[in-house]
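Engineer: Let's see this in three dimensions:
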Amino acid sequence: MRGVTIRSIIFLVLTLAAVVSLIPSFLGDLPESAEAPWWRSRLPTDRINLGLDLQGGTHLVLEVKVEKAIENTIERIKGDILKLLREREIAMTDLSRQGNQIHLKVPSASGDRIKDLLKSEFPNLTAVNPSTVGGQTDFTLALSQKELAALRDATVDQALETIRNRIDQFGVSEPIIQRQSRQDILVQLPGIQDPDRAKEIIGKTALLEFKLLVDMPSEERLRNPPPGTEILYGMGASGEKRSYLVQSSALMTGEYIADARVRPSDRLEGPYVELVLSSSGARLFERITAENVKRQLAIVLDNKVYSAPVIQERISGGQAQITGSFDMKEARDLAIVLRAGALPAPVEIVEERTVGPSLGSDSIRQGVISFIVGGALIILFMVAYYKGAGMVAVTALIFNVLYLLAILAGFNAVLTLPGIAGIVLTVGMAVDANVLINERIREELRAGKSPRASVEAGYERALPAILDSNVTTFLSGVILFQFGTGPIKGFAVTLCIGIATTVLTAVYLTRVYYDHRIAARRLARISI
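Structural biologist: Next up, the predicted model:
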């Protein structure tokens, strides 16, 4: 009797814990008042979150333009080669990029030296068909296929991480962000009904550069910019569009940003974004400002000039500002993308869907209806066929669903329409264990055994079959979770948790009931 009491207390504690853990999921935001300030602090806050198909939101498929990242990498390598040749005082005739290759032409006398230098300093480059003609040696340099494949994968992985950081700061609950193919990224934002703002934050390249302005150009110089310069556009102080002639090479980029914060401004222009630089960035920015006092430094984001302040003196401390005609939302969004870092390559939205909350409500209603209908049919069958033992199985089924939902809330899981399908399937499968047990008990009673002996033999003989069927189903769910995508994973999670709670309630909880009646000597007959 003592063992039965202990098991009863354990299940009572589990039931109370399950009910308490489901309060945030079913009551929403917990009330708080002066009389009961402990309500929020004592009760759990984890809840079951609804997926995109249930509460609505935004579905995006983004294609990462990996070829652009390759072009940028080749251009950077070309600049490194140029810098190295100048440092080693090696003459060259031509250095240019054509597609994903770099063409280098040097005097033949320097050919062997260049070959050894490239091999030691740029081991990831391969020289394709070097040739010597007319006293000149031509090198065609390219990344190997292995390097290109690794660069493509790294670009998509970095874009995935950058997008995840931006969405985390955007404040979306339980987003789905994952690779969908070689260069596509799936983004699902439950509860977001403003896809334009989400797309602006996700897709902004956010390449921040600091470039020096050339002296105010004439109209002719704007039409034909000098070598080493480029024309960018931005907004002037009075809000009109204006052109800027800036140096092509950036003095510093956004890779040195440690933090970006929105600050209110005392002036009429609205808020501004304050940049906090890393330690190395602070030293670099201090050197740049010290060398260019009284010159204008353009702050360029995605090839748009946001501001071009005059450097009045050397700036130390590692802080800079981006000012412009921002409202608070624009400034906050800009700070988000700067904190999260720049995308390694542009992204293009190739698929977009917005699921309205009304459609999600319809899905919830249909899922609940299917759950009620399926559960009612199971209850009617079990009670009609197994009588009192069927009622015990139905009670175990109720506790099964209770524990299943509590575990989902404890994991802060996302419930999707396939997840509801998994719960409905669990309800259908949950009584299977009790069917096996009840049939075994019936066989023992027909053989003339006592109710106590029939119960013990029924559970003992049914347990191996129950474990075999549920373990194989559980392993199938694990495989679905490991290799499936978002909706399949939602189904697999509820299925696996449902299998565990099914074994707990159908085998052990019902056995507590029969053991209690046997211990109290009230099991003279079994209604089965």
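
Engineer: Pick out the residue nearest the middle of this structure.
Structural biologist: Central residue of the chain (Cα atoms, centre = their mean): Ile177, 3.6 Å from the mean position.

Engineer: Spit out the contact partners of that one.
Structural biologist: By Cβ atoms under 8 Å, 6 or more residues apart in numbering, the contact list for Ile177 reads Leu160, Ile163, Arg164, Ile167, Ile185, Leu186, Val187, Gln188. Where you see a C-beta, it was placed from the backbone N, CA and C, and this is true even at glycine.

Engineer: Can you give me the buried ones in the helix or strand encompassing it?
Structural biologist: Ile177 is part of strand 176-179, with elements assigned from DSSP states H and E. By 16 or more other Cβ atoms under 10 Å, the buried positions in strand 176-179 come out as Ile176, Ile177.

Engineer: residues contacting Arg182?
Structural biologist: Counted by Cβ under 8 Å, 6+ apart, Arg182 has contacts Arg152, Val156.

Engineer: and it, how far is that from Ala149?
Structural biologist: 10 Å (Cβ to Cβ, to the nearest Å).

Engineer: just Ser181 next, same as before
Structural biologist: In terms of Cβ to Cβ, Ser181 sits 15 Å off from Ala149.

Engineer: mind listing what Asp259 touches?
Structural biologist: Counted by Cβ under 8 Å, 6+ apart, Asp259 has contacts Leu275, Val276, Arg339.

Engineer: One more pass at 10 Å, please.
Structural biologist: Asp259 sits next to Glu274, Leu275, Val276, Leu277, Ser278, Gln319, Ala335, Leu338, Arg339 when contact means Cβ atoms under 10 Å, 6 or more residues apart in numbering.

Engineer: What of Gly428?
Structural biologist: So Gly428 contacts Gly374, Gly375, Leu377, Ile378 (Cβ under 10 Å, 6+ apart).

Engineer: quick one: low-confidence ranges for the stretch 201-350 of the chain?
Structural biologist: 215-222, 236-239, 266-269, 324-325, 340 (pLDDT under 70).

Engineer: Am I right that Ser21 is in contact with Asp46?
Structural biologist: Yes. Ser21 lies in contact with Asp46 (Cβ atoms under 10 Å); the separation is 7.1 Å.

Engineer: For these two, indicate the residue with more neighbours.
Structural biologist: Relative neighbour count places Ser21 above the other of Ser21 and Asp46, with 20 against 14, counting by other Cβ atoms under 10 Å.

Engineer: For that one, which residues are in contact?
Structural biologist: So Ser21 contacts Leu43, Pro44, Asp46, Arg47, Ile48, Leu405, Ala406, Ile407, Leu408, Ala409, Gly410 (Cβ under 10 Å, 6+ apart).

Engineer: can you check Ala413 too?
Structural biologist: Counted by Cβ under 10 Å, 6+ apart, Ala413 has contacts 46-49, 51, 174, 405, 407, 419, 490, 493-494, 497.

Engineer: ok, 7 Å please
Structural biologist: Residues in contact with Ala413 (Cβ atoms under 7 Å, 6 or more residues apart in numbering) are Ile48, Val493.

Engineer: what do you get for Arg97?
Structural biologist: Ile74, Glu75, Lys78.

Engineer: For PyMOL, write the selection for the buried entries among the residues you listed.
Structural biologist: Command for PyMOL, covering only those of the contacts of Arg97 found buried under the criterion 16+ other Cβ under 10 Å:
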select buried, resi 74+78
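
Engineer: Among the contacts of Arg97, pick out the one closest to Ser243, please.
Structural biologist: Using Cβ to Cβ, Glu75 is the member of these that lies nearest Ser243, at 24.0 Å.

Engineer: Identify the spatial nearest neighbour of that closest one, chain neighbours not counted.
Structural biologist: Once flanking residues are discounted, Glu75 sits nearest to Arg97: 6.1 Å by Cβ to Cβ, 6 or more residues apart in numbering.

Engineer: Report the secondary structure state of the one you found.
Structural biologist: strand (DSSP: H, G, I helix; E, B strand; the rest coil).

Engineer: Tell me the bridge partners for it.
Structural biologist: Per DSSP bridges, the residues bridged to Arg97 are Ile102.

Engineer: Look at it and report its pLDDT.
Structural biologist: Arg97 is assigned a pLDDT of 83 by the prediction.

Engineer: Could you tell me how far it is located from Leu141?
Structural biologist: Where Leu141 is concerned, Arg97 sits at a distance of 10 Å (Cβ to Cβ).

Engineer: for Ser476, same thing?
Structural biologist: 51 Å.

Engineer: Compare these two and say which is more crowded by neighbours.
Structural biologist: More neighbours surround Leu141 than the other of Ser476 and Leu141, with 21 against 14 (other Cβ under 10 Å).

Engineer: excluding its backbone neighbours, what's nearest the more buried one?
Structural biologist: Ile102 (4.3 Å).

Engineer: Narrow the contacts of Ile177 to just the buried residues.
Structural biologist: Listed as buried from the contacts of Ile177 are Leu160, Ile163, Arg164, Ile167, Ile185, Leu186, Val187, Gln188; burial here means 16+ other Cβ under 10 Å.

Engineer: and the contacts of Gly428, which of them are in helices?
Structural biologist: Gly374, Gly375, Leu377, Ile378 (DSSP state H).

Engineer: out of those, what pair is the most spread apart?
Structural biologist: Taking Cβ to Cβ as the measure, the ones in helices among the contacts of Gly428 span a maximum distance of 7.4 Å, between Gly375 and Leu377.

Engineer: Closest one to Lys83 out of the contacts of Ser21, please.
Structural biologist: For these, the nearest to Lys83 is Asp46 (53.9 Å; Cβ to Cβ).

Engineer: In terms of helix, strand or coil, where does the residue nearest to that closest one when sequence neighbours are not counted fall?
Structural biologist: Spatial nearest neighbour of Asp46, chain neighbours left out: Asn412 (4.7 Å); criterion: Cβ to Cβ, 6+ apart. Per three-state DSSP, the secondary structure class of Asn412 is coil.

Engineer: Now do Asn412: how many residues are near it, please.
Structural biologist: 13.

Engineer: How about the backbone phi and psi for it?
Structural biologist: phi 60, psi 40 (degrees, to the nearest 10).

Engineer: tell me which residues in the helix or strand encompassing Thr73 are buried?
Structural biologist: Assigned by DSSP H and E, Thr73 belongs to helix 66-87. Buried residues in helix 66-87, defined by neighbour count with 16+ other Cβ under 10 Å: Val66, Lys68, Ala69, Ile70, Thr73, Ile74, Ile77, Lys78, Ile81, Leu85.
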